[in-house]
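J.: what follows is a predicted protein model with its sequence.
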Amino acid sequence: MPLIPPIPILIVDDEADLRDLLVEALQDQGYAAEGAEGGAQALALVRQRHFPVVFTDLNMPGGLSGLELLRAIREEDPQTMGILMTGYATTESAIQALKRGAYDFIQKPFKLAEIEASLERALEHYRLRRENEEYQQNLERMVETRTEEITGLKNDIERLFEGFVNASVTAIESRDPSTSGHSSRVADLTVGLAEAVNGTPNGPYGGLHFNPLQIREIRYASLLHDFGKVGVREQVLVKAKKIEGERLEGIYQRLHQRALEAMRDRLLDAWSKGHSFDHETLGILLAQEEDETRRLMDLVRRSNEPTVLPQEVVHELNLLQNLTYQHWSGEHRTLVDPGDLDLLKISKGSLSAHERDEIQSHVTHTYRFLSQIPWTSELAGVPDIAWAHHERLNGRGYPRQLTDRDIPIQSKLMAITDVYDALTAADRPYKAAVSLERSLEILEQEAKVNLLDAEVLRIFLEARIYERTMVQGRIP
């Protein structure tokens, strides 16, 4: 509150002559001085306007004493400076006056110069205090404004990062449309599982609690856990059969050509021996060759499925390695390339060992990518959590073959949700969806052989975390 002349000053004294004298003297000095004969009148004036300085007598007959008046004025207007005047000054009364909020203490009788000096000191102190308060208010406004700016910037950065994460997930799914929604579902399941761990009062993880920032860290790691798939060849990512496209058609075509070549050779051999053309014999030979070709084609078809390959089928496939066909150049070549034959002999799934290594490399690609991001200290664990989501407690996971003690608990949570979603997914080209009951059985089997964390799985099952994605109608 700035001091604008004339500055209001209040004189409170039951002695009218002294009071009027001080009022006139201060008015002559340019102050807007007023007088009050007692505490009640003084308080009434204080409630009407602000007085930077109030002079009051200590002892006033009836009503409030000077000390009581100062305390009442302080409650009404804390900015007012109080100066106590008394003809009965003692050290004790001076101490009490200062404790009650008086700025100064003047002993009667006094000289006018003493009043003026005390008033100047009080007004200077008042001015400095007001300037300090204004400075503090300005500082608080500046801090508030700056805080709002920082909060706005933080929110902008968070929105930007959310957009980046969502764009990254879109990039993953565009490379592998068959797993569309997988990252979001794993994030939903893993966050739910982490929250369930927070609600577990006992057991190995009874003392573990993920705070909101750690939950956010888990969510980001789960959303981005498969980002490294952008570094894997698309034909490997979406490979539904062991051999696909033109390579498979080539095998079928060569089998068909082989049947025609066999017919041609048998006809030429018969004619060279002088046998006449016989429709019935030709029909029998043609039917035999077609039956053989269909049998071999069916063998290729059955072997090409990504299911478990029976051992007897592997033995049958060995028959293909000696089959040849005549190339347009005239030379005879192997009908099924040795590399394709090895693919058909894959015992489970559709990937060769090399292709499986390539798929598994996505975890390392993910880690390298996420490590390039300048994460905040609260989110610094995102790369390591994502890196370990395919590790297994017994060291049979990948890519680093970590064991139980070295796998982050957040990765153990994600390992269960990732496997569960992969099992129940109905949109994978290389497998059919597994029922809920069978999927949970498989999870329990893997926990028994120390692949997955049994305690985390117990929480997953008891909290029915799997229901978080059932509402999407993906599980029968």
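T.: Received it, and whenever you're ready, just let me know what you need.
J.: and the next element down the chain from the worst-scoring helix or strand of the chain on mean pLDDT?
T.: Least confident helix or strand of the chain, by mean pLDDT, DSSP states H and E, is helix 91-99 with a mean of 66. Once helix 91-99 ends, the next helix or strand along the chain (criterion: DSSP states H and E) is strand 102-107.
J.: tell me the strands beside that next one, with direction?
T.: strand 81-86 (parallel) (DSSP bridges).
J.: my read is that Ser222 contacts Ala194, right?
T.: No: here Ser222 lies out of contact with Ala194, judged by Cβ atoms under 8 Å, at a distance of 9.6 Å. Using the backbone N, CA and C atoms, a C-beta is placed for each residue, glycine as well.
J.: of the two, who's got more company?
T.: It is Ser222, of Ser222 and Ala194, that has more neighbours when counted by other Cβ atoms under 10 Å, with 29 against 25.
J.: surely that one is within a helix?
T.: Yes: Ser222: assigned to a helix according to DSSP: H, G, I helix; E, B strand; the rest coil.
J.: model confidence for it, exactly?
T.: Here the pLDDT value assigned to Ser222 is 95.
J.: list the contacts of it.
T.: Ser183, Val186, Ala187, Thr190, Val191, Ala386, Met414, Thr417 (Cβ atoms under 8 Å, 6 or more residues apart in numbering).
J.: can you rerun that using 10 Å?
T.: If you count contacts by Cβ atoms under 10 Å, 6 or more residues apart in numbering, Ser222 has them with 183-191, 193-194, 382, 385-386, 389, 410, 413-414, 417-418.
J.: okay, now the residue nearest to it when sequence neighbours are not counted: neighbour count?
T.: In this structure, Ser222 finds its nearest non-sequential neighbour in Ala187, 3.8 Å apart by Cβ to Cβ, 6 or more residues apart in numbering. Around Ala187 there are 22 other residues, counting by other Cβ under 10 Å.
J.: and Ala187, that one's in a helix?
T.: Yes: counting by three-state DSSP, Ala187 is found in a helix.
J.: right, and it touches Val382 too?
T.: No: under the contact definition of Cβ atoms under 10 Å, Ala187 does not touch Val382, with a separation of 12.0 Å.
J.: need the overlap of contacts for these two.
T.: When contacts are counted by Cβ under 10 Å, 6+ apart, Ala187 and Val382 have Ile218, Arg219, Tyr220, Ala221, Ser222, Leu223, Leu224, His225 as shared neighbours.
J.: can you give me the pLDDT of the spatially closest residue to the third one that is not a sequence neighbour?
T.: Closest residue to Tyr220 apart from its sequence neighbours, by Cβ to Cβ, 6+ apart: Val382 at 5.1 Å. Here the pLDDT value assigned to Val382 is 95.
J.: also His327?
T.: Reading off the model, His327 has pLDDT 87.
J.: need the contact list for the residue lying closest to it once chain neighbours are set aside.
T.: Nearest in space to His327, with sequence neighbours left out and distances taken as Cβ to Cβ, 6+ apart, is Arg333 at 5.0 Å. Arg333 sits next to Arg254, Thr324, Tyr325, Gln326, His327 when contact means Cβ under 10 Å, 6+ apart.
J.: how close does the first one sit to Asp340?
T.: Translated: Arg254. Note on Arg254: its distance to Asp340, by Cβ to Cβ, to the nearest Å, is 11 Å.
J.: between the two, which contacts overlap?
T.: Any residue near both Arg254 and Asp340 by Cβ under 10 Å, 6+ apart counts here, and that gives Thr334.
J.: give me the nearest residue to Met414, chain neighbours excluded.
T.: In this structure, Met414 finds its nearest non-sequential neighbour in His389, 4.4 Å apart by Cβ to Cβ, 6+ apart.
J.: list phi and psi for that neighbour.
T.: The main-chain torsion angles of His389 are listed as degrees, to the nearest 10 and equal phi -70, psi -10.
J.: for the closest residue to Arg396 other than its chain neighbours, give me phi and psi.
T.: Spatial nearest neighbour of Arg396, excluding adjacent residues (Cβ to Cβ, 6+ apart): Leu451 at 6.8 Å. When quoted as degrees, to the nearest 10, the phi and psi of Leu451 stand at phi -90, psi -50.
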